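**Q** quick one: sequence plus predicted model below, questions after.
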Amino acid sequence: IFDADMPVAVDTSNNNFSVRGALRITFPNETGIILNVSDTYNITWNKFGEILFVNISYSKNSDSGPWIPIINNWDANVPYPWTVPVDAITQTARVKITDANDPNVFNISSYDFIIRGKIELLKPDIDEPDWIVDNVTQIIWVPTGNFTWVRIEGSTNGFADESQTWNISEKLLNCPSGVTCVYNYTVERNKVSPNVKIRVSDWAMPNLVNDTSTQSFKIKGKITVDSPNSGIEEWVAGFNISSSPITWTAVGNIGDVKIELYDGTNWHTVIDSIDATAGSYQNWTVPHSAVKTSKQAYIKITDIDEPSVNDTSDNPFLIKGYLKITHPSTFEAAVVDSTYNINWTKTGIYQGEDTVKIEYNTNDGPWKLMNRTGGGDSSAVDVSLGGFPWKVPDDLSSNVKIRITRNLHPMVNDTFDHIKLLVV
C-alpha cells in the first residue's frame with residue numbers, strides 16, 4: 001500500500017495469503033424437501049472463482065456426518081444427477097460439496113431434508129377376491145429402500161378416515177429392498193365389511209412412506225354345514241328330521257340364513273329365514289318326492305343378506321322311503337287255506353314302478369313268496385295298494401315271519417315276528 005501523493009510512503013504485508021473460490025448449494029437447500037430412494041435428482045450449486053472440479057457427499061446425521069461419498073472430481077460447471085441409494089433413508093439428510101483441489105473450500109446445505117423409501121402393495125390391490133373370516137390370506141408388498149420395520153393396517157371404511165382402522169401387525173420386520181414380502185393373515189371375525197382396504201407403512205415414517213389398496217374389497221362371514229355332512233346320515237320321507245337335525249356354525253356378523261335341500265333332482269326350501277345364531281333346525285318333515293335309491297341329497301345354508309356366503313354339505317346323504325307292516329301287528333294265527341291280509345303303510349315316492357315283495361319263512365328257514373287269493377304271487381305288488389290277500393299255505397309252523405321289501409330300494413323293508421300257521 002502506498003500514498004499516491006508520496007510514492008515513497010509504502011508498506012507490504014508481512015505474510016502471504018491465498019485467494020480462494022466459493023461454493024453455494026442451491027438444491028437441496030430449503031425446508032420441506034423430501035427425496036425418494038432410487039429416484040434421480042439434480043444437485044445444483046453456484047461457484048465463485050476458478051473451481052474446476054468438485055467432490056460431493058451426503059450425511060444421514062445432519063451436518064455432523066459422517067460424510068458418505070456421492071461422486072469425486074465432478075465437473076464444477078455441471079449439475080450432478082444423483083440417484084438416491086436405497087441405504088440413504090433418514091429424516092436428517094444434508095449434502096456437502098467441496099473443491100476437489102482445496103478441501104477448505106466447501107459448502108453444506110443449510111437445512112435437513114428427508115430421504116424416504118417406497119412401498120408397493122401388490123396384494124390386496126385391484127380386483128381382490130373376497131376374504132372370508134377365519135381363512136388365511138396373504139398380504140404382499142415390495143419395499144424400495146432398506147428400512148427395518150413396517151406396520152400393516154386394515155380399514156373397514158376404505159380409509160375414508162381413521163375411525164375404522166385396525167392394526168394387523170403393529171411392527172413387523174421388513175424385507176430387504178426389492179424383495180417381495182409376504183404376511184399370512186388370519187382374517188378376523190369382527191371385520192366383516194363391503195369396503196375394506198389394507199395399508200402397509202414404514203413404521204418410522206408411516207405418514208410419508210405407505211401404500212394402500214387401490215380398490216376396496218369385501219370381508220365376509222362364513223357358514224359351515226356341520227350336519228348332515230359326513231354322508232352317513234339318513235333321512236326318511238314323511239318324517240320329521242328331529243332325530244338327525246340340520247346343524248351349522250356361522251361366524252362373522254351373519255344375520256338370518258336360508259336352508260335348502262337338494263335331493264339330487266330338485267331343490268326344496270327347508271326354511272326361508274332363521275337366525276344364524278340358532279345353529280340348529282329340526283322342525284321340518286322330509287318331502288315324499290325327495291327319496292332316491294342312492295346318496296344324492298345335500299343341505300345348503302345361505303346368508304340372506306350376502307348370498308355369496310353359503311355352504312353345502314361336503315358329502316351326499318341318503319333320503320329313503322319307509323315301509324311298516326301294520327297287519328299282523330300282534331302274535332296271532334293264520335288258518336291254512338284261508339285268506340290272511342298282509343297290510344302296510346309306506347312313505348316316499350320313488351321314480352319308476354314302485355312295488356314290494358312280500359315273503360314269509362318258517363322256523364327261520366329260507367324266505368318264500370306268498371300266493372295271492374285269486375291267483376298270482378307276491379313278487380311285485382303295487383306298493384300303493386297297502387295290502388295283499390295271502391292264500392295261507394299248508395306249511396304248518398308256530399314260528400312264521402313275514403317280510404316286505406321295496407323292490408326299487410331293497411334296504412327299505414320291514415319284518416314281523418311272528419305268526420302261527422295252523423289248521424282249524
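**A** Right, received. Where do you want to start?

**Q** neighbours of Gly32, how many?
**A** 7 (other C-beta atoms under 10 Å). Backbone N, C-alpha and C define where each C-beta goes, glycine included.

**Q** how about the secondary structure of it?
**A** The three-state label for Gly32, taken from DSSP: H, G, I helix; E, B strand; the rest coil, comes out as coil.

**Q** show me the contacts for it.
**A** For Gly32, the residues meeting the contact criterion (C-beta atoms under 8 Å, 6 or more residues apart in numbering) are Phe113.

**Q** now Lys191
**A** Taking C-beta under 8 Å, 6+ apart as the contact definition, Lys191 lies against 133, 154, 156, 166, 219.

**Q** can you show me the strands along the stretch 151-300 of the chain?
**A** Counting by DSSP state E, counting those that start in this stretch, one finds strands in the stretch 151-300 of the chain at the ranges 165-173, 181-186, 193-202, 210-212, 217-220, 222-227, 234-236, 246-251, 256-262, 267-275, 280-281, 298-303.

**Q** who does the third one touch, helix- and strand-wise?
**A** In terms of contact count using 3 or more C-beta pairs under 8 Å, 6 or more residues apart in numbering; DSSP states H and E, strand 193-202 is assigned the packing partners strand 118-123, strand 136-144, strand 149-155, strand 210-212, strand 217-220.

**Q** list the buried residues in the second one.
**A** By that I understand strand 136-144. When neighbours are counted by 16 or more other C-beta atoms under 10 Å, the buried residues of strand 136-144 are found to be 137, 139, 141-144.

**Q** make a ChimeraX selection of the buried ones in the contacts of Lys191.
**A** One line in ChimeraX is enough to select the buried ones among these; burial here means 16+ other C-beta under 10 Å:
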select :133,154,156,219
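
**Q** would you mind giving the strands of the stretch 151-300 of the chain as JSON lines with distance to Pro69 and mean pLDDT added?
**A** Shown next, in JSON lines, are the strands of the stretch 151-300 of the chain (distance: least, C-beta to C-beta, whole Å; pLDDT from 0 to 100):
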{"stretch": "strand 165-173", "distance to Pro69": "30", "mean pLDDT": "97"}
{"stretch": "strand 181-186", "distance to Pro69": "31", "mean pLDDT": "98"}
{"stretch": "strand 193-202", "distance to Pro69": "26", "mean pLDDT": "97"}
{"stretch": "strand 210-212", "distance to Pro69": "31", "mean pLDDT": "98"}
{"stretch": "strand 217-220", "distance to Pro69": "47", "mean pLDDT": "97"}
{"stretch": "strand 222-227", "distance to Pro69": "57", "mean pLDDT": "98"}
{"stretch": "strand 234-236", "distance to Pro69": "81", "mean pLDDT": "98"}
{"stretch": "strand 246-251", "distance to Pro69": "58", "mean pLDDT": "97"}
{"stretch": "strand 256-262", "distance to Pro69": "68", "mean pLDDT": "98"}
{"stretch": "strand 267-275", "distance to Pro69": "70", "mean pLDDT": "98"}
{"stretch": "strand 280-281", "distance to Pro69": "74", "mean pLDDT": "98"}
{"stretch": "strand 298-303", "distance to Pro69": "63", "mean pLDDT": "98"}
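
**Q** for these, which one sits closest to Ile115?
**A** With C-beta to C-beta, the closest approach to Ile115 among the strands of the stretch 151-300 of the chain belongs to strand 193-202: 11.7 Å.

**Q** partner strands of the closest one, with direction?
**A** strand 149-155 (antiparallel), strand 210-212 (antiparallel), strand 217-220 (antiparallel) (DSSP bridges).

**Q** just the buried positions in that strand, please.
**A** Within strand 193-202, judged by 16+ other C-beta under 10 Å, the buried ones are 193, 196-202.

**Q** farthest pair in those residues?
**A** Largest separation among the buried residues of strand 193-202 by C-beta to C-beta: Ser193 and Asp202, giving 25.8 Å.

**Q** contact partners for Ala278?
**A** Applying C-beta under 8 Å, 6+ apart, we find Ala278 in contact with no residue.

**Q** now it: how far from Thr247?
**A** Separation of Ala278 from Thr247 (C-beta to C-beta, to the nearest Å): 10 Å.
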